[in-house]
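Undergrad: fold the following, please.
(one chain, ligands or ions: 1)
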Amino acid sequence: MKLSQFGERFCAESGTYNLMDDLGKALTTNPEMLFLGGGNPAQIPEIEQEIQQALETLVKKTGGVGRLCSNYQSPQGDPSFLKALAAYLNKHCDLSISEKNIAITNGSQAAFFVLFNMFAGEFANQQKKHILLPLTPEYIGYSGAGLSEDFFRSCKPVIEHLPGNLFKYQLDEHAIEQHITSCLEDSTNTVGTLCVSRPNNPSSNVIADEQIEFLTKLAKQYDVPLIIDGAYGLPFPGILFNDAKISFTDNTILVLSLSKLGLPGARTGIVIANPEVIQAFAIANTSINLAPSSLGPALAQTWFETDKIHHLCHHIIQPFYRSACDSALGLVKSACADFPVHIHIPEGAFFLWLWCQDLPISSQELYQRLKDRGVLVLSGHHFFLGVEEDWPHKHQCIRLSYCQPAAVIEQACEIIRQELKKAYEGN
Ligand SMILES: Cc1ncc(COP(=O)(O)O)c(C=O)c1O
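TA: Alright, predicted model coming up:
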């Protein structure tokens, strides 16, 4: 098989592919595996019931099947869904947007591919631009999304130690500003856009409102967009454990998803931005995907029209994950009590991020040992995209998902404790 440069680049094994493949294979070879890896949302009975009900109502309705799957949608998505969503966002998030500000995609992953390559890569006059991730670690799914080399740069965070063996990554505002200005001086490879996930996958960090304001001002000053990935966040599914506010300006591109609500298979992403960006995005997205998904919008539309989504997020989804998080945090803390292991303060999403300080083995080795013992986690090194220097912290972190029942987390924690003991004792 002779491959083009695109083929060479995109058909080579990627970190994201390897990870997804490894997770899949581990489960096939050992169905008993204690699965604390992957990004699947939890199966929340009330949400499953809502989905089933929405599906049944739609199928019974005249024209319902057409809405579900037997029509191509227009490039931005079903106009009636866009209208319902805009009205919902205006009402609940104090926005002032219309259908012209929204485009639907086949999952938000596909949206990042288009957006990243719209704003970074090769430009006229042989200039290059890259994506700046202001805070690393960051979502591994971004890593394969660039059509050119040297696509991501990132800034290391400041680590703030908190009581109870917790810590928090803080933006290093000085380093971020310095990065942007030094790129401008060099001028051959400048910043094309900033991008943050909020809450962050993997650490669960929620960048504070003031820091989002700082990034917003910075992006405006340097005339680049600020992409905020709200896959777990605001306004839906709202898996946040503090009172962070949604932020949206003319220069923000907010990327949302129905996946973490409980619909990852419906592949529905949502891009919210100024109409000029949306128009350009929809044209590019049509070339790549022809039409966006209709399943997710058809299922969720009445949730937005009737404000049900507000209830689902605030009274079912958020409390479910809050309680799962509290219980997992207690278990993990006692499993790690004898070791210099710090846990990122859980602020949202559904992961615990463990920093095993001075770990004598790499996090990849710890991952492998845990996998051999039937516990699947993720090694943290995958998430430090754009960090070239050999920072020991990159190899000292693991990510645990707490979407599984408490009994599974408890069993896994005991094995994690045993493996940490072994590793810290030099075995
Ligand atoms: C931070 C983040 N952004 C985006 C995505 C992509 O989600 P989807 O393509 O299902 O909308 C994920 C998936 O896990 C994620 O964790």
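
Undergrad: from the contact counts, what lies against the strand or helix carrying residue 355?
TA: Element membership for residue 355 (DSSP states H and E) is strand 351-356. Judged by 3 or more C-beta pairs under 8 Å, 6 or more residues apart in numbering; DSSP states H and E, the packing partners of strand 351-356 are helix 318-336, strand 341-344, strand 397-401. In this view, the C-beta of every residue, glycine as well, is placed from N, C-alpha and C.

Undergrad: and of these, who's closest to the ligand?
TA: Shortest distance between the ligand and these, using C-beta to the nearest ligand atom, is found for strand 397-401: 10.3 Å.

Undergrad: now that closest one: how far from the chain's centre is it?
TA: Distance, stretch centre to chain centre, for strand 397-401: 14 Å (C-alpha atoms, centre = their mean, to the nearest Å).

Undergrad: and it with helix 318-336, angle?
TA: With axes from the mean of the first three to the mean of the last three C-alpha atoms, to 10 degrees defining the directions, strand 397-401 sits at 140 degrees from helix 318-336.

Undergrad: elements contacting the following helix or strand past strand 397-401?
TA: Counting by DSSP H and E, the next helix or strand C-terminal to strand 397-401 is helix 406-424. Judged by 3+ C-beta pairs under 8 Å, 6+ apart, the packing partners of helix 406-424 are strand 34-35, helix 318-336, helix 363-372, strand 375-376.

Undergrad: hang on, the earlier thing: just say which of the helices and strands packed on strand 351-356 is most tucked in.
TA: Comparing these by mean neighbour count (mean count of other C-beta atoms under 10 Å), strand 397-401 ranks first with a mean of 26.

Undergrad: tell me which residues in stretch 134-144 are buried?
TA: 134-144 (16 or more other C-beta atoms under 10 Å).

Undergrad: hmm, residue 264 and residue 293 touching each other?
TA: No. Between residue 293 and residue 264 there is no contact under C-beta atoms under 8 Å: 11.8 Å.

Undergrad: between those two, which is the more surrounded one?
TA: When residue 293 is set against residue 264 and neighbours are counted by other C-beta atoms under 10 Å, the residue ahead is residue 293, at 23 against 16.

Undergrad: residues in contact with residue 177?
TA: By C-beta atoms under 8 Å, 6 or more residues apart in numbering, the residues touching residue 177 are residue 218.

Undergrad: gap between it and residue 86?
TA: Residue 177 sits at a distance of 34 Å from residue 86 (criterion: C-beta to C-beta, to the nearest Å).

Undergrad: and for residue 19?
TA: In terms of C-beta to C-beta, residue 19 sits 35 Å off from residue 86.

Undergrad: for residue 96, same thing?
TA: Counting by C-beta to C-beta, the gap from residue 96 to residue 86 is 10 Å.

Undergrad: and these two? Which one has more around it.
TA: Taking other C-beta under 10 Å, residue 96 and residue 86 do not tie; residue 86 has more neighbours (20 against 10).
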